[in-house]
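Undergrad: Return atomic coordinates for the entry below.
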Amino acid sequence: MKRRKFVEKGLEGIIGGLAISQIPWIGLEAEEVSKGIRDSLFESADPELLRLANDIFRQCVIDKIRPPEGTLVHPWLQAGTGDEFYGQWIWDAMFEVDLLAILPDKKDVIRGIIQNYWDFQERWNTKRPEYAHGMVACMIEPKNTTTWNDYPAYSQIPILGWGLERIFKRNGDRELLKQSLAPLEKFHEWYWKERDVTDAGLVAVGAYSGKIQHGRYETFDFECNLDDLKLTAHPTRKGEGEGNWYGDICIPGNTSYLINSERCLVRLAQIMGDNAMAERRMKRINKSVAAMRKYMWDEESGTFLAVHRDTLEQIKVATIGSWMPLMAEVPTTAMAKRMAEAFMTDHWQTPLPIPTVDQKDSRWVSDDYWRGDVWPAPNYQAAVGFSLYGYHQIAADICDKTIANALKNGINEHYDSITGKPLGVPYNGMTCTVITMMLDGMSEKFKLKVKKQL
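TA: As a prediction, the model looks like this:
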């Protein structure tokens, strides 16, 4: 088939079956590929915006699909490019699969991608003692067929529930929910049991390897509020062979993500008629929301702060995770108002928002990794949070500046918060959230939507 005729079949024809090795992006001229996506998926009055969206969708979503390999017996989604981040992460894949679910006839592919997590959970349970059952690792590396139960021995930001709800909203796949809700609940229970070890309703980080940096990898890798992190033994359980696996700092970011994922699970359980599950999850949510408001809220900074696990003393530095409670609907109306006021100060108003640490903190550097730089994915989530509380102009400003910077500087893992220059891995999967901002209708200046025929 001639290239031009092939492209004219549109995106459905291009990726119609999932023989990934047969997806014929390779060899097509960029403009033809862009036209093929544009003609079958997005619409916008701005040709530059269409070009950006086409490029992101192809390189951050479609090009990330991989065939079964090694420990991943279903199709999977890579986080990075080439050999960078060669595996399926919890964090990155949820943003990718959210957009993949726009496409028709991809339910089986998506079921496989999600099933990879539950397959890992079952394998993990056979190798680990009962208290560790239910974990899903930070990333599943297909080539790691022998030591996967030792590394990574830690999880990641818990957004699997959010991802499942996003998929269901796009494609209505009840079979995906049937296969996923029970193992997802087990994952959530593992998280509460092994990361809220004092049963306060506040989530810390940890790692069964006993390595402090592995614990930090469960969240935003180098957040300043974890600079003094220590891993300790479990405060009450004294099992044989246990080590210093449990972080002594509880953070607003991961606590909020787990609350948000629980809210998603409640709604999905109700859709599937499992009201008992929904009731169980609401008890977890209510306890944690109350704890965050009591111990993590800081009126002076207008944000939620990390606390020391054993004393509940606040750590006086606000980071990007301090904004995630908005998305999880944790703040009261008054707290959200104070957060909006705080966000508009020079603590957070860098030329490209949102810096990953308060700009007034001594450790802030505009291009430092999770210590002053900017990431589109948490920007998207903070914008969602502000929008939920009615601060649509703040949400629009975050999104408009993020999108404008991508138009100017391209698609990368993260960016300098002053200059906007790209940093890290080009076309990292999670940066597809530049599209999601527009599809969710939060941008004021940039308009993009999926064509109705899909």
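Undergrad: if I pick the residue nearest the centre of the chain, what's in contact with it?
TA: Nearest to the mean C-alpha position of the chain, by C-alpha atoms, centre = their mean, lies residue 91 at 3.9 Å. Each residue near residue 91 by C-beta atoms under 8 Å, 6 or more residues apart in numbering is listed here: 79, 156-157, 159, 377, 430. All C-beta atoms are positioned from the backbone trio N, CA, C, and that covers glycine.
Undergrad: what about 6 Å?
TA: Residues in contact with residue 91 (C-beta atoms under 6 Å, 6 or more residues apart in numbering) are 156-157.
Undergrad: before we move on, which element is it in?
TA: Using DSSP states H and E, residue 91 sits within helix 90-100.
Undergrad: what pLDDT, on average, does the helix or strand following that helix get?
TA: For helix 90-100, the following helix or strand on the C-terminal side (DSSP H and E) is helix 107-127. Summarised as a single mean, pLDDT over helix 107-127 is 97.
Undergrad: neighbouring contacts of helix 107-127?
TA: Residues from elsewhere that reach helix 107-127, judged by C-beta under 6 Å, 6+ apart: 18, 72, 74-77, 88, 97, 133, 135-136, 140, 149, 167, 171, 173, 176, 180, 183.
Undergrad: Checking residue 248 next. Helix, strand or coil?
TA: Per DSSP: H, G, I helix; E, B strand; the rest coil, the secondary structure class of residue 248 is strand.
Undergrad: where do the helices sit along the stretch 51-200 of the chain?
TA: Taking DSSP state H, counting those that start in this stretch as the test, the helices found in the stretch 51-200 of the chain are 90-100, 107-127, 160-171, 174-195.
Undergrad: what's the most buried one of these?
TA: Highest mean neighbour count of the helices of the stretch 51-200 of the chain: helix 90-100, a mean of 25 (counted as mean count of other C-beta atoms under 10 Å).
Undergrad: Alpha carbons of that one, in PDB - could you do that?
TA: In PDB, the C-alpha atoms belonging to helix 90-100 read as follows (Å, rounded to 0.1, in the frame of the first residue of the first chain):
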ATOM      1  CA  ILE A  90       2.600   2.800  37.900                       C
ATOM      2  CA  TRP A  91       2.800   6.600  37.500                       C
ATOM      3  CA  ASP A  92       3.600   7.100  33.800                       C
ATOM      4  CA  ALA A  93       1.400   4.400  32.400                       C
ATOM      5  CA  MET A  94      -1.800   5.800  33.900                       C
ATOM      6  CA  PHE A  95      -1.400   9.000  32.000                       C
ATOM      7  CA  GLU A  96      -0.600   7.200  28.800                       C
ATOM      8  CA  VAL A  97      -3.500   4.700  29.100                       C
ATOM      9  CA  ASP A  98      -6.000   7.400  29.900                       C
ATOM     10  CA  LEU A  99      -5.400   8.800  26.400                       C
ATOM     11  CA  LEU A 100      -5.100   5.400  24.800                       C
END
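Undergrad: which residues in the stretch 351-454 of the chain form helices?
TA: Counting by DSSP H, counting those that start in this stretch, the helices of the stretch 351-454 of the chain are 376-388, 392-409, 433-439.
Undergrad: okay, the angle between the second one and helix 376-388?
TA: Put simply, helix 392-409 runs at 160 degrees to helix 376-388, going by axes from the mean of the first three to the mean of the last three C-alpha atoms, to 10 degrees.
Undergrad: got the buried residues for helix 392-409?
TA: Using 16 or more other C-beta atoms under 10 Å as the test for burial, helix 392-409 gives 394-403, 405-407, 409.
Undergrad: Need the max-distance pair from the residues you listed.
TA: Spatial extent of the buried residues of helix 392-409 (C-beta to C-beta) is set by the pair 394 and 409 at 22.6 Å.
Undergrad: Test my guess that residue 321 contacts residue 252.
TA: Yes: using C-beta atoms under 6 Å, residue 321 is in contact with residue 252, at 5.3 Å.
Undergrad: so what's in contact with those two at the same time?
TA: Residues touching both residue 321 and residue 252 (C-beta under 6 Å, 6+ apart): there are none.
Undergrad: Residue 286 sits in which helix or strand?
TA: helix 275-291.
Undergrad: before we move on, back to that, centre of the chain to the helix holding residue 91, how far?
TA: Between the centre of helix 90-100 and the centre of its chain there are 7 Å (C-alpha atoms, centre = their mean, to the nearest Å).
Undergrad: Could you do stretch 401-418 as well?
TA: 18 Å.
Undergrad: now swap in stretch 334-350 and tell me
TA: For stretch 334-350, the distance to the chain centre is 23 Å (C-alpha atoms, centre = their mean).
Undergrad: Can you name the residues in contact with it?
TA: 302, 358-360, 389, 391, 394, 417.
Undergrad: how far does it stretch from start to finish?
TA: End-to-end distance for stretch 334-350: 25 Å, by C-alpha to C-alpha, to the nearest Å.
Undergrad: go on, stretch 191-205?
TA: Start-to-end, stretch 191-205 (C-alpha to C-alpha) is 10 Å.
Undergrad: What's the mean pLDDT across that stretch?
TA: Across stretch 191-205, pLDDT averages out at 98.
Undergrad: now stretch 283-298
TA: Averaged over stretch 283-298, pLDDT sits at 98.
Undergrad: Need the distance between the two termini of that stretch.
TA: Taking C-alpha to C-alpha, stretch 283-298 runs 24 Å from one end to the other.
Undergrad: Off-centre distance for that stretch?
TA: Chain-centre distance of stretch 283-298: 21 Å, with C-alpha atoms, centre = their mean.
Undergrad: Give me the contact list for that stretch.
TA: With C-beta under 6 Å, 6+ apart as the criterion, stretch 283-298 contacts 200-202, 252, 259, 262, 304-305, 307, 312, 330.
Undergrad: So for that stretch, what gets flagged as buried?
TA: 284-285, 287-289, 291-292, 295-298.
Undergrad: For residue 219, which three-state class applies?
TA: The three-state label given to residue 219 by three-state DSSP is coil.
Undergrad: Confirm for me that it is in contact with residue 252.
TA: No: look at residue 219 against residue 252 with C-beta under 6 Å: they stay out of range, at 10.1 Å.
Undergrad: Thanks again, I'm all set now.
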